[in-house]
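> model the structure of this input:
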Amino acid sequence: MKLTHIYIVFIFFNFFSCEDVIEVDVPKSDPRLVIDASINWYKGTVGNEQFIKLTLTAPYFDEEIPPANNAQVFITDENSNIFNFIEDGESGIYVNSTFIPVINAQYQLTVIYNNETYTGTETLLAVPEIEFVEQNLEGGFTGEDTELKAFFTDPENEENYYFFEFIPSIPVIKTLDTFKDEFVNGNLIFGFYVNEDIEPGDSVTIRNHGVSERFYEFMYILLQQTGESGGPFETQPATVRGNCINISNSNNYPLGYFRLSEVSEINYTIVE
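Below is the predicted model of the structure:
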């Protein structure tokens, strides 16, 4: 019996100590320029301080995102005024403190990187003021989630598109959402947020951006692809192209978007 016992333990040990190392061969491609150019004019400010972030795509398992250094970056308005963005160190973040925002004016972004020129054109769009926020501490499917509704009045006889950010004070991922006024034109409407982790005393920064139809479609598709509903056998996400192009080499197209928005922001604290 003793020998049998030892034999069984030996087999048990070998079964659980065997491991196979599987190397995943991830396809690699040349890095592409990623343009994060979101010009935000917050209501009540002059809107002069702006920045643009340039990075490069990296292999899937890389932990760091490489910055795109030493680029020439500037925005040109309808009156041929040029606003130069200067890189802050080697961060890939390019800053400007003289930008002049004008509602409904068109702007062109130009980025010159590695001897190739990228451009994008967009209009700075207005957004209504967030008027008030309503909360519900018994929301969601469980009746235990916190719900917020940020109300604003949509302008009449206009086709409007909105981009919402909900940024909680607690360390959880912020929520992004898009909205269009197709069926609620001219009405009092709201952006909706629900979170099971926020409690009374926590705060949520709510931002509503006025955006173009093209950005709305871009962000809507992007949010659909990065949602949590996909499974292991879902169709893999396709590359979502923004509004920037490479006029030097169309095959080396950039990723990202050039957007200009007026922004209504409110910081709301959850109450009992």
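> quickly find the element holding residue 135.
In this structure, residue 135 sits in strand 132-139 according to DSSP states H and E.
> give me the sheet partners of the next helix or strand after that strand and which way each runs.
Elements were assigned by DSSP H and E; along the chain past strand 132-139, the next helix or strand is strand 145-153. Counting by DSSP bridges, the strands paired with strand 145-153 are strand 132-139 (antiparallel), strand 188-195 (antiparallel).
> make a markdown table out of these and add mean neighbour count.
To be clear about C-beta, it is placed using only N, CA and C from the backbone, and glycine gets the same treatment. Below are these laid out as a markdown table (neighbours: other Cβ atoms under 10 Å):
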| stretch | mean neighbour count |
| --- | --- |
| strand 132-139 | 14 |
| strand 188-195 | 19 |
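> geometric centre of this structure: which residue is closest?
What sits nearest the mean C-alpha location of the chain, by Cα atoms, centre = their mean, is residue 176, with 7.2 Å.
> what values do phi and psi take at it?
Backbone torsions of residue 176, given as degrees, to the nearest 10, read phi -120, psi 150.
> that one contacts residue 162, doesn't it?
No: the pair residue 176 and residue 162 does not pass the contact test of Cβ atoms under 8 Å, sitting 11.4 Å apart.
> longest single strand anywhere in this protein?
As assigned by DSSP state E, the longest strand anywhere in the chain is strand 255-269.
> quick one: buried residues of it?
Going by neighbour count (16 or more other Cβ atoms under 10 Å), the buried part of strand 255-269 is 255-266, 268.
> would you format the strands paired with strand 145-153 as CSV with mean pLDDT and distance to residue 59 included?
Output for the strands paired with strand 145-153, formatted as CSV (pLDDT from 0 to 100; distance: least, Cβ to Cβ, whole Å):
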stretch, mean pLDDT, distance to residue 59
strand 132-139, 95, 41
strand 188-195, 95, 33
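> tally of neighbours for residue 152?
19 (other Cβ atoms under 10 Å).
> got a list of what the nearest residue in space to it that is not next to it in sequence touches?
Nearest residue to residue 152, sequence neighbours excluded (Cβ to Cβ, 6 or more residues apart in numbering): residue 128, at 4.3 Å. Listed by Cβ atoms under 8 Å, 6 or more residues apart in numbering, the contact set of residue 128 reads 152-155, 208, 264.
> a markdown table for those, including distance to residue 117 and pLDDT?
Putting the contacts of residue 128 into a markdown table (distance: Cβ to Cβ, whole Å; pLDDT from 0 to 100) gives the following:
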| residue | distance to residue 117 | pLDDT |
| --- | --- | --- |
| 152 | 39 | 97 |
| 153 | 42 | 97 |
| 154 | 38 | 97 |
| 155 | 37 | 96 |
| 208 | 33 | 98 |
| 264 | 34 | 98 |
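> need those in JSON lines (columns: distance to residue 83).
As requested, those are exported to JSON lines (distance: Cβ to Cβ, whole Å):
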{"residue": "152", "distance to residue 83": "29"}
{"residue": "153", "distance to residue 83": "32"}
{"residue": "154", "distance to residue 83": "31"}
{"residue": "155", "distance to residue 83": "28"}
{"residue": "208", "distance to residue 83": "25"}
{"residue": "264", "distance to residue 83": "23"}
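> which of the residues you listed lies closest to residue 106?
residue 155 (19.8 Å; Cβ to Cβ).
> check contacts around the closest one.
So residue 155 contacts 128, 186 (Cβ under 8 Å, 6+ apart).
> strands of the stretch 51-200 of the chain, start to end?
72-76, 82-87, 93-96, 106-113, 116-123, 132-139, 145-153, 161-168, 175-180, 188-195 (DSSP state E, counting those that start in this stretch).
> what packs against the second one?
Same thing as strand 82-87. strand 50-56, strand 72-76, strand 93-96 (3 or more Cβ pairs under 8 Å, 6 or more residues apart in numbering; DSSP states H and E).
> identify, out of these, the most deeply packed stretch.
strand 50-56 (a mean of 20; mean count of other Cβ atoms under 10 Å).
> what about it, distance to the chain center?
The chain centre lies 13 Å from the centre of strand 50-56; the measure is Cα atoms, centre = their mean, to the nearest Å.
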